[in-house]
Every structure is written in C-alpha cells, then in structure tokens.
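1. below are the sequence and a predicted model for it; my questions follow.
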Amino acid sequence: MGTASGIIRALNSGVKHLAVKRFTLRYPEEKLKFAGDGYQFDPSTGVGIAGLKGRHMLFHDHCTGCQLCSIACEGVAEAIAMVKVPEERKQNKKSIMPQIDYGKCVFCGLCVDACPFYALYMTNDYELSSFTKEGLIYTPAQLQVKPYVSQDSEIQITDRGATHG
Ligand code: SF4
Ligand code: SF4
C-alpha cells in the first residue's frame, strides 16, 4: 500500500511539473542577462553603482598611475601589479597602469572603490577561463578592451515562479 501511494505521489508530482517552464539555462548556448553594465563606483558621491563584478575595464585616458587600486588590493589578494605602458599620457607621468591576475582576484571590487579618477570599472564578463596561469593575467592593453558579453535570457517572475525567456 505504502509503495503504491508513493508511486502515485511521485507520478502526480511529475505530471504537475510538466506544465512548469524549465528554469535551467542551456549554458553556454544561453546566457543570463544582467542588469546594468557591471559594478562601478562614483568617487564624487562615494556611491557604488550596482552591477556584476566581472572582468575589469581600464580607461587609459583617465588612469593617472596613482596605484591606489593596487594598494587596495594588497590586503585582499595581491592581484594587481603596476606595470609600465608604452604610451605617454599627460596625466600619467610614470606611465604605469594596473595589470590584473585573475588567478588571484576575488572580484571584491575594492580596487574600483579606491580609484578616484573614474579609470577602473567592472563588467559583466565572467568567462575568464584559461589553459595556463599566464592566460589569466590581463595587461593594461587587454583591460582597456570592452568585452563582448552575449546575454540573451532574461529572468521573468510570474505567479507560477521564476523562469527565463
Ligand atoms: S576586485 Fe580583484 S583586483 Fe580588485 S581589489 Fe578585489 S581582488 Fe584585487
Ligand atoms: S586605475 Fe585608478 S586607482 Fe588605479 S592607478 Fe589608475 S587612476 Fe590610480
């Protein structure tokens, strides 16, 4: 009796879920859409702008080489090294900019909070895997390239629960 009622309960539950839309994404063919362009920080107001803490974006025309991002990271992960860049910019006398090792970075965003010159943001790019450790080190030249992030599936919340388009 117990076994029969268990089977009926299981079947009943299975039938109910036939009508529920699948929630899991077929990654990597489908990717979730995030709100915003990634985590940013406005030093003039001291307010963070919510967003995904993914791969950084470095604006060479704003970076002064002040090293504050690197200092902020020292107590966290030591993921930032200040390196020489070939270009000469008026605002960056030493011609140094941050290089980030994603083998060490914990994506806390403290370096973004520390930058007073709107030079360092985070993006929605989270696909950073590499076959080598060296491949996880992003130079200032790589960090200035805006990543292409495909995001095709949006979360939809209905009376019947959460799903995605
Ligand atoms: S986000 Fe990464 S690089 Fe920036 S402070 Fe945190 S650990 Fe360091
Ligand atoms: S990214 Fe910002 S904090 Fe880091 S060196 Fe450049 S200006 Fe300074």
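-> Structure's in. What do you need? What you see is a predicted model; the values in this text were computed from it and never measured. Ligands and ions are numbered 1, 2, ... in the order given.
2. so residue 70: helix, strand or coil?
-> For residue 70, the assignment made with DSSP: H, G, I helix; E, B strand; the rest coil gives helix.
3. torsion angles phi and psi at the nearest residue to it once chain neighbours are set aside?
-> Excluding the flanking residues, the one nearest residue 70 by Cβ to Cβ, 6 or more residues apart in numbering is residue 80, at 4.2 Å. Just so you know, the C-beta spots here come from the backbone N, C-alpha and C atoms, and that holds for glycine as well. Here is the backbone geometry of residue 80 (degrees, to the nearest 10): phi -110, psi 130.
4. my guess is residue 80 contacts residue 58, does it?
-> No - with contacts defined as Cβ atoms under 8 Å, residue 80 does not count as touching residue 58, sitting 10.6 Å away.
5. residue 5 sits in which helix or strand?
-> helix 2-18 (DSSP states H and E).
6. would you mind writing the CA trace of that helix as PDB?
-> Coordinates of each C-alpha in helix 2-18 appear next as PDB, following Å, rounded to 0.1, in the frame of the first residue of the first chain:
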ATOM      1  CA  GLY A   2       2.800   2.300   1.000                       C
ATOM      2  CA  THR A   3       4.700   1.600  -2.200                       C
ATOM      3  CA  ALA A   4       1.600   2.200  -4.400                       C
ATOM      4  CA  SER A   5       0.800   5.500  -2.800                       C
ATOM      5  CA  GLY A   6       4.400   6.600  -3.100                       C
ATOM      6  CA  ILE A   7       4.400   5.800  -6.800                       C
ATOM      7  CA  ILE A   8       1.100   7.700  -7.200                       C
ATOM      8  CA  ARG A   9       2.500  10.700  -5.300                       C
ATOM      9  CA  ALA A  10       5.700  10.700  -7.500                       C
ATOM     10  CA  LEU A  11       3.700  10.500 -10.700                       C
ATOM     11  CA  ASN A  12       1.400  13.200  -9.500                       C
ATOM     12  CA  SER A  13       4.400  15.500  -8.800                       C
ATOM     13  CA  GLY A  14       5.900  14.700 -12.200                       C
ATOM     14  CA  VAL A  15       2.700  15.500 -14.100                       C
ATOM     15  CA  LYS A  16       2.300  18.800 -12.200                       C
ATOM     16  CA  HIS A  17       5.800  19.800 -13.300                       C
ATOM     17  CA  LEU A  18       5.100  19.000 -16.900                       C
END
